[in-house]
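K.L.:
based on what follows, work out the 3D shape:
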Amino acid sequence: MIFSAKLSRYLLVITAIIVVSMVLPYFYSMLFYNSYPVPRAYFSPVSKDFIFTKAGTKDLLRYDRTGKTYTREEFERLTPLFNYRQLLYREEMPDSLNGVKLDIQDVKLNNVFYAIKPYEIFKYTIMLNPLIESAPGRPDLQMPREFFRIGEKMEFIDCSTNEVKSEMSNLFNNALIESGFEFPAIGVYGNPSTRKPFDEGYLVIDSNDKLFHIKRIQNKPFVRKVEIPEGIKIDYIYLRESNLREQYALFITDKNKIFIVSYDNYKIVEIPSDGYDRKEMQLVIKGNMFYREIGFVSDKIVKSIVTDRNYKVIDTYSEILKTNEDFLVGDVSNYLFPFKLSLTSSDNLYVDFYTQISDLRFLIVSSILALFYFFFSKKRENKFQYTQLLDAVIILFTGIYGLMAVVFIKLES
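P.N.:
I've put the predicted structure just below:
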């Protein structure tokens, strides 16, 4: 009976430690942590150098690598392809740049911007998607009446009746088999929206990590196997239709490499990715008539790689950012909290136990707390008990969490 009571107590102590390690650091960060602005990098086709913007105390700061600051209007003139609307409004848009005559329609067409955050990569997706007609014969795309899934075979399901449409399913299923597709699909990536200029269907990864392009053209299957370099395992695909028609999609591998599937007969082009970590960094790609800017952004680092249109590196910039861990509030946190637990992460959409381990500085505080608790409890009870020593050991390794748990959850006499 006594053993059962002790076991129940320590199970409650462990539970309390887990709960407190989630709650206490959260409130500490709410009370004491500051947010630090993250700079955005732009490569100026005028100065041929980086220009940065960052939130200031009162206004947006604009500056270059030397620290020289710029007014809003000066910044806009240095980045005319990005700020062409404002320059047109002020009648300051240049007629040509770098010896190239500027046509506003070309400027619009060649402007590229998209961002891929870690939680977009690491999320659960329902493998049920609409296959939009890519050649509707009308100016607008229409959402179909059926959705498809690719398990042991490709099936189309009628939205209104939930019945499998056998004829269409067999048509597409056979086309996949003839192209060498191995079921089931482990990834289906597309842009299931009618708010786009045209439809490019889906890029699908089969069970052998091979890549296939699937479209619906006049209710007939279009299936194309896309040859990717040997040994590549695709982790995520970003497919968005653009009138520029430069690339079908971009994909990221399990080794943090980045590749483009180009419109040039599905040619696979690797783009610079040195320093990128898909688990922690946002990938930002900007482009214009002259350059491509590949940016990696987290709360700890900003890196930008500028290339020409063929992805040959022209210039790079990286900056280590200040975080709360670099200041007193971060030092105090490392002394107080041996670890921090959370059920959520800003980097993905999965609910799980996420652990952040502090360095060994917490042992200074936890040792003091453990010794204080051991001698105080021994003096209060006028005798030594093994539970006192075990409680002290728990406090030694869990710090303030363990102290709160053993003090409030006592063994009944």
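K.L.:
helices along this structure, start to end?
P.N.:
2-32, 72-78, 84-89, 104-110, 118-121, 166-178, 328-336, 362-381, 386-408 (DSSP state H).
K.L.:
give me the contact list for the second one.
P.N.:
Defining contact as C-beta atoms under 8 Å, 6 or more residues apart in numbering, one finds that helix 72-78 is touched by 44, 46-47, 51, 53, 60, 62, 70, 83, 86-87, 90, 92. For the C-beta atoms, the positions are set from N, CA and C on the backbone; glycine is no exception.
K.L.:
buried sites along that helix?
P.N.:
Residues of helix 72-78 classed as buried by neighbour count (16 or more other C-beta atoms under 10 Å): Phe75, Glu76, Arg77, Leu78.
K.L.:
measure the nearest residue to Leu78 once chain neighbours are set aside to Val332 for me?
P.N.:
The shortest distance from Leu78 to any residue that is not its chain neighbour, by C-beta to C-beta, 6 or more residues apart in numbering, is 4.4 Å, and that residue is Ser44. Applying C-beta to C-beta, to the nearest Å, one obtains 41 Å for the distance of Ser44 from Val332.
K.L.:
show me which of those two is the more surrounded one.
P.N.:
Comparing Ser44 with Val332 by other C-beta atoms under 10 Å, the one with more neighbours is Ser44, at 18 against 14.
K.L.:
spatially central residue in this protein, please.
P.N.:
Centrality entry for the chain: nearest residue to the mean C-alpha point is Pro118, 1.3 Å, by C-alpha atoms, centre = their mean.
K.L.:
which residues does the nearest residue to it once chain neighbours are set aside contact?
P.N.:
Closest residue in space to Pro118, ignoring its immediate chain neighbours: Asp347 at 3.9 Å, by C-beta to C-beta, 6+ apart. Asp347 makes contact with Pro118, Tyr119, Phe122, Lys279, Glu280, according to C-beta under 8 Å, 6+ apart.
K.L.:
tell me the buried residues within those.
P.N.:
Neighbour-count burial (16+ other C-beta under 10 Å) applied to the contacts of Asp347 gives Pro118, Phe122.
K.L.:
and the contacts of Asp347, which is closest to Asp352?
P.N.:
Asp352 has its nearest neighbour among the contacts of Asp347 in Phe122, at 10.4 Å by C-beta to C-beta.
K.L.:
partner residues bridging the closest residue to that closest one other than its chain neighbours?
P.N.:
The shortest distance from Phe122 to any residue other than its chain neighbours is 3.4 Å, reached at Asn348 (C-beta to C-beta, 6+ apart). On the basis of DSSP bridges, Asn348 takes part in beta bridges with Ser345.
K.L.:
wouldn't Asn348 be in contact with Lys123 here?
P.N.:
Yes. With contacts counted by C-beta atoms under 8 Å, Asn348 reaches Lys123, the gap being 6.3 Å.
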